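Participant: Dropping the sequence and predicted coords here.
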Amino acid sequence: AAAAAENSISFHRHPGTQPLNARSPELGYLRGKMALKQGKVMRVVRPDVIKDDEYVIPTGFMGAPSCLNEKMPSGKEIVATVGKIRDALQTEDKTVVALFVAEVGGSNCLEPLLASADLGLPVVDADGMGRAFPELQMFIPFLRGLAAESACLADAAGRVQMSENTHSPKDLETFFRQHVIKMVNYGAEQF
C-alpha cells in the first residue's frame, strides 16, 4: 500500500483553487515528478548531436483538449505510438534515436519528456511549431516539404491506428481526425 501511494499522483486541491486542467502542463508536471521519484530519466539533447540519417519523431496529443478533462491520458498512448513507428521503420533498417515536441502548446509541451522517461530515448531541444497549431499540415517540417509518411495514433483504451504513405499532410490530418472522433476526441500522435 505504501508503494502504491508513493507512485500515485495526488489530485487533491486546496479549497478555492482551480480544478486540475489536463489541457495545461500541470498534469504532465505531476506525472513527470512521479517518474523522477521512480528513478526514471528524462534527457534533452541539442539538435546538432542528431546525424542527418537518424530518425527523430515528433510527439503529442491531438483532439479536443477539453476531453482530456473528462478522460485523463493513461500515459501509455505515446509509448504505444512510438512502438508502432519503430516497428515500421525497422523493416526499412531505420532506427528512431530521439523524440521532439510537435508543439509547445498546453499539455503537449511535456508529453515527449514523459515518453522519454519510459522509452529511454532523449528529447531533442526543438519544437515543430513554436506554439499550438490547429491542424497537422501547419507543422513547420510539413510546410518545408517533409512527406507525411508513417504516422500513428493511439488512445488510453489501447486502440492504435496506423497510417502509412498518406498523399499529403492534409490527408493525414483528415485521416487522424476521423479516428480521433472514434477515440473519444483525443489521442496521442506520431508522424
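Facilitator: Perfect, thanks for sending it.
Participant: remind me which residues of this structure are low pLDDT?
Facilitator: Low-confidence segments of the chain (pLDDT under 70): 1-24, 68-69, 185-191.
Participant: how about the strands of it, start to end?
Facilitator: Taking DSSP state E as the criterion, the chain carries its strands at 44-45, 55-63, 96-101, 123-127, 151-154, 160-163, 186-190.
Participant: between the ones you listed, which gets nearest to residue 178?
Facilitator: Distances from residue 178 to each of the strands of the chain were compared using C-beta to C-beta; the minimum, 9.1 Å, belongs to strand 160-163. For the C-beta atoms, the positions are set from N, CA and C on the backbone; glycine is no exception.
Participant: Tell me the buried residues in that closest one?
Facilitator: If you call a residue buried by 16 or more other C-beta atoms under 10 Å, then strand 160-163 has these buried ones: 160, 161, 163.
Participant: Now render these as JSON lines, adding distance to residue 105.
Facilitator: Output for the buried residues of strand 160-163, formatted as JSON lines (distance: C-beta to C-beta, whole Å):
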{"residue": "160", "distance to residue 105": "24"}
{"residue": "161", "distance to residue 105": "23"}
{"residue": "163", "distance to residue 105": "23"}
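Participant: Closest one of the residues you listed to residue 63?
Facilitator: For residue 63, the nearest member of the buried residues of strand 160-163 is residue 161. The distance, counting by C-beta to C-beta, is 12.7 Å.
Participant: For the closest one, give the beta-bridge partners.
Facilitator: residue 153 (DSSP bridges).
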